[in-house]
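Enquirer: Quick one: sequence and predicted model below, then my questions.
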Amino acid sequence: MEADYVIVGAGSAGCAMAYRLAEAGKRVLVIEHGGTDMGPFIQMPAALSYPMNMPLYDWGFRTEPEPHLGGRTLATPRGKVMGGSSSINGMVFVRGHAQDFNHWDEQGATGWSYADVLPYFKRMETWHGGKDAGQDHSAYRGTSGPLHVTRGPRKNPLFNAFVEAGRQAGYEVTGDYNGEKQEGFGPMEATIWKGQRWSAANAYLKPALKRENCQSIRAFARRVVIENGRAIGVEVERGGQIEVIRAKAEVILAASSINTPKILLLSGIGAADDLKALGIPVVADRPGVGANLQDHMDIYMQFASKLPVTLYKYWNLWGKAIIGAQWLFTGKGLGASNQFESCAFIRSDKGVDYPDIQYHFLPIAVRYDGKAAAEGHGFQAHVGPMRSKSRGSVTLRSADPKDQPKILFNYMSHPDDWVEFRKCVRLTREIFGQKAFEPYVKHEIQPGAHYQTDEQIDDFIREHSESAYHPCGTARMGRADDPMAVVDPECRVIGVQGLRVADSSIFPRVTNGNLNAPSIMTGEKAADHILGRGMLARANIAPWNSPRWEVAQR
């Protein structure tokens, strides 16, 4: 079996590349270990807490004991299904801030500045928030791409209370955080269309598979086969048999920031001494493979509600059945929303030039694993710093492809992370103390009003902080002469011919917010590099930045 291009991973970037390469007439074969994405647990937006906790759809990765979190091991969900993590995520759509991509460019990812990537963000989307945003956003938003981006109805009064509380606290209000102005409080956007999760599989892969020149197979990718310094295919296990899927042009890894470095290492691409110690022949000595692992962490600031306006009344078997039935038969109702309908991006202090704290607001007090707070009616804000200085790694446990890799984020290993998280807690309390929340806030559930000192807040963070599930950076993009870079700015693996990486692994630094949007953008832009055609014209426009950032926090 062979194709022009063999893509490993049917996730956010892989689906986008399959679509664009097939559209250009190339023969494309996508290898995905997971199965179908059909079924209500994936397709119903409100059911988002289920697929990321189901072995059928999730690889089931966990970290090693994290030394700065009291030895806790944290879940690291990654999608094992058509659509990859876009089929199990929270469907939140955040591009990132313009300065994130300018930083990439400055760090050696030449041609990935905001002016370079904005045209790809526009190409990939059909944006449905124009009227709601209140002004012309055509310079920033796309109207004819495969990915539908929508906003929830925000019928629950708590969504508007959150935005109004931010305004009362002196923060900016933004009509479109994905457009000109990220900083501020406003409506949150989602990859939901007509009441359905609009994953990369629905947007890109399924249309691509309708073409005769694109196909997918369900198989477990073991390693890239490299002969005389060139990738010629992928060794897979399928139906109990090991075979090689051959690539006439190139192999492209888009298997996630966890599995991509694992496959590179198993293929002999990584730190030479580590590979030799495991008996793996060295193809290319690239010590950056698996290094530079980053993530966002957050905590849930939960508050008990005076009024029964939250979603808690549906948090029982009967309530869930009613929501599910309404969605199943009409595609509407509470089941058609991920319930993340308001958000904010703020700066933690004066002297911070662009937002470094993100909020997701949710009108119920509940964990990602679906466990509701014991106090009944409540609501919460997920809050965390955006640019942690902590770095971790993904390494091999053994040379056996079936062994899960060792994942150590080294969370909270940098002292600045603690300072920033404390600010998150205190700024959040101030926001929920505004007049807009007076009718609703009964008391603070979590952490609880008794957590006041730095030491007490640190204890809470150590015990209760969780991953926001945004791992990236483990095959960093940079200059070819950078010893820690893994791919060059055209996504080519340095030191190996015919092999590219295009997924969140290549991010030099984590972007502001959720990573699905920049991952899809990466697939879109990588496709043009692979095809050897000119890049889309740069968009030389300047997004909004606070004119007072040097002297004021808000």
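Expert: Here it is on my side, so go on. As the structure is a prediction and not an experimental result, all values here were calculated from the model.
Enquirer: Local confidence estimate at Asp274?
Expert: Confidence at Asp274, expressed as pLDDT, is 98.
Enquirer: ok, now which ones touch it?
Expert: When contacts are counted by Cβ atoms under 8 Å, 6 or more residues apart in numbering, Asp274 touches 265, 395-396. Glycine gets a C-beta too; all of them are placed from N, C-alpha and C.
Enquirer: Among those, which are located in helices?
Expert: Leu265 (DSSP state H).
Enquirer: quick one: which of the contacts of Asp274 has the most company?
Expert: Leu265 (24 neighbours; other Cβ atoms under 10 Å).
Enquirer: Distance of it relative to Ala336?
Expert: 42 Å (Cβ to Cβ, to the nearest Å).
Enquirer: List the buried residues in the helix or strand of the chain with the lowest mean pLDDT.
Expert: Scoring the helices and strands of the chain by mean pLDDT, DSSP states H and E places helix 130-133 at the bottom, with a mean of 78. Using 16 or more other Cβ atoms under 10 Å as the test for burial, helix 130-133 gives Ala133.
Enquirer: ok, now stretch 120-134?
Expert: 120-129, 133.
Enquirer: got it, and stretch 173-184?
Expert: Within stretch 173-184, the residues that count as buried by 16+ other Cβ under 10 Å are 174-184.
Enquirer: So which of those is the closest to Leu531?
Expert: Asn178 (26.6 Å; Cβ to Cβ).
Enquirer: Who are the contact partners of the closest residue to that closest one other than its chain neighbours?
Expert: For Asn178, ignoring the flanking residues on the chain, the nearest one in space by Cβ to Cβ, 6 or more residues apart in numbering is Arg95 at 4.9 Å. Shown in contact with Arg95 (Cβ under 8 Å, 6+ apart): 121, 178, 511, 513, 517-518, 521.
Enquirer: Helices of the stretch 201-350 of the chain, start to end?
Expert: Using DSSP state H, counting those that start in this stretch, the helices of the stretch 201-350 of the chain run over 206-209, 256-266, 272-277, 317-330.
Enquirer: if we can go back for a sec, from the buried residues of stretch 173-184, which land in strands?
Expert: Judged by DSSP state E, these include Gly184 as members of strands.
Enquirer: mind putting the buried residues of stretch 173-184 in CSV, distance to Asn213 and pLDDT included?
Expert: Shown next, in CSV, are these (distance: Cβ to Cβ, whole Å; pLDDT from 0 to 100):
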residue, distance to Asn213, pLDDT
Thr174, 42, 97
Gly175, 41, 95
Asp176, 37, 96
Tyr177, 38, 97
Asn178, 33, 97
Gly179, 36, 96
Glu180, 39, 95
Lys181, 42, 96
Gln182, 39, 98
Glu183, 44, 98
Gly184, 45, 98
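Enquirer: Put together JSON lines for the buried residues of stretch 173-184, with distance to Phe220 on each row.
Expert: Output for those, formatted as JSON lines (distance: Cβ to Cβ, whole Å):
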{"residue": "Thr174", "distance to Phe220": "44"}
{"residue": "Gly175", "distance to Phe220": "46"}
{"residue": "Asp176", "distance to Phe220": "41"}
{"residue": "Tyr177", "distance to Phe220": "39"}
{"residue": "Asn178", "distance to Phe220": "36"}
{"residue": "Gly179", "distance to Phe220": "41"}
{"residue": "Glu180", "distance to Phe220": "44"}
{"residue": "Lys181", "distance to Phe220": "45"}
{"residue": "Gln182", "distance to Phe220": "39"}
{"residue": "Glu183", "distance to Phe220": "44"}
{"residue": "Gly184", "distance to Phe220": "45"}
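Enquirer: ok, so of the buried residues of stretch 173-184, who is nearest Ala203?
Expert: Closest approach to Ala203 among these (Cβ to Cβ): Asn178, at 16.4 Å.
Enquirer: how much space between that closest one and Pro287?
Expert: Counting by Cβ to Cβ, the gap from Asn178 to Pro287 is 36 Å.
Enquirer: before we move on, what about Glu32?
Expert: Counting by Cβ to Cβ, the gap from Glu32 to Pro287 is 29 Å.
Enquirer: between these two, which one's more packed in?
Expert: Counted by other Cβ under 10 Å, Glu32 and Pro287 do not tie: Glu32 has more neighbours, with 27 against 14.
Enquirer: For the residue lying closest to that one once chain neighbours are set aside, list the residues it contacts.
Expert: Using Cβ to Cβ, 6+ apart and skipping the chain neighbours, the partner closest in space to Glu32 is Ala10 (3.8 Å). Taking Cβ under 8 Å, 6+ apart as the criterion, Ala10 is in contact with 18, 30-32, 34, 82-84, 200-201, 205, 216.
Enquirer: element containing Ala10?
Expert: For Ala10, there is no helix or strand it lies in under DSSP states H and E.
Enquirer: per-residue pLDDT, it?
Expert: 98.
Enquirer: likewise the one 4 residues further on?
Expert: Gly14 carries a pLDDT score of 98 in this model.
Enquirer: Use 15 as the first number from now on
Expert: Done: numbering now begins at 15, and the last item shifts to Gly28.
Enquirer: ok, it to Val366 distance?
Expert: For Gly28 relative to Val366 (Cβ to Cβ), the value is 35 Å.
Enquirer: between the two, which one's more packed in?
Expert: Between Gly28 and Val366, counted using other Cβ under 10 Å, Gly28 has the larger neighbour count: 33 against 17.
Enquirer: Thank you kindly, that will do.
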